[in-house]
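# Provided below are the primary sequence and the corresponding predicted coordinates.
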Amino acid sequence: MPAHRVPLEKRFWDRVEISAPDDCWIWPGSISGSGYGQIKSGAGCEIKTTSAHRVSFYLEHGYLPRVVMHTCDVRPCVNPAHLRGGTYSDNVADMLAKGRGADFRGERGSNSILINSQVLKIRERYNSGDSISDIAKDVDVGYRAVLKVCRNKSWTHLL
């Protein structure tokens, strides 16, 4: 039977070397430039390349969440026990909690006009009764930027 007629589930699991339930099951096929396994799915004009871990999640759970995350942090792993669904925000929070990726909040951000010590000083002055206008003038920063700091609408990682 031609490969395009073999059901995706059979083509997928026939390729995976399943080992112990707690081990990573590494995708033996094609790997994307970002390190994730990939497999072709669909039929006819609808054939597309899909992330192997997303296929694994779908085959196990019957639906696809917006994001499929690895609890093991091994990109080519397709063990359904190592995968969980989430949102883009969940994925970023998970990445930062595990110390992966860059945290560009605050002074590390490319558009930052303040540094952490200035933000703390601004909040300290505001809490002791100084006006936002006076603080903005002294720090040489726009009123709205200081207002957001004082009302905890920006620099929330320093709360």
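Perfect, I can see it now.
# Just give me the neighbour total for residue 53.
Residue 53: 25 surrounding residues under other Cβ atoms under 10 Å. For the C-beta atoms, the positions are set from N, CA and C on the backbone; glycine is no exception.
# what does residue 59 give?
Using other Cβ under 10 Å, residue 59 is surrounded by 14 other residues.
# and it, that one's in a helix?
Yes: assigned with DSSP: H, G, I helix; E, B strand; the rest coil, residue 59 falls within a helix.
# For it, which non-adjacent residue is spatially closest?
Using Cβ to Cβ, 6 or more residues apart in numbering and skipping the chain neighbours, the partner closest in space to residue 59 is residue 9 (5.5 Å).
# Low-confidence stretches in the protein?
Within the chain, the stretches with pLDDT under 70 are 1-4, 101-104, 110.
# ok, back up a step: which SS state does the residue nearest to residue 59 fall under?
Secondary structure, three-state DSSP: residue 9 is helix.
# Roughly how far does it sit from residue 142?
The gap separating residue 9 from residue 142 is 57 Å, by Cβ to Cβ, to the nearest Å.
# secondary structure element for the spatially closest residue to residue 159 that is not a sequence neighbour?
Of all residues not flanking residue 159 in the chain, residue 152 sits nearest, at 6.0 Å (Cβ to Cβ, 6+ apart). Using DSSP states H and E, residue 152 is not contained in any helix or strand.
# Pull the number of nearby residues for residue 152.
Residues contacting residue 152 under the criterion other Cβ under 10 Å number 11.
# and if you look at the one 5 residues further on?
Residue 157 has 11 neighbours, counted by other Cβ under 10 Å.
# before we move on, could you check phi and psi at it?
Backbone torsions of residue 157, given as degrees, to the nearest 10, read phi -70, psi -10.
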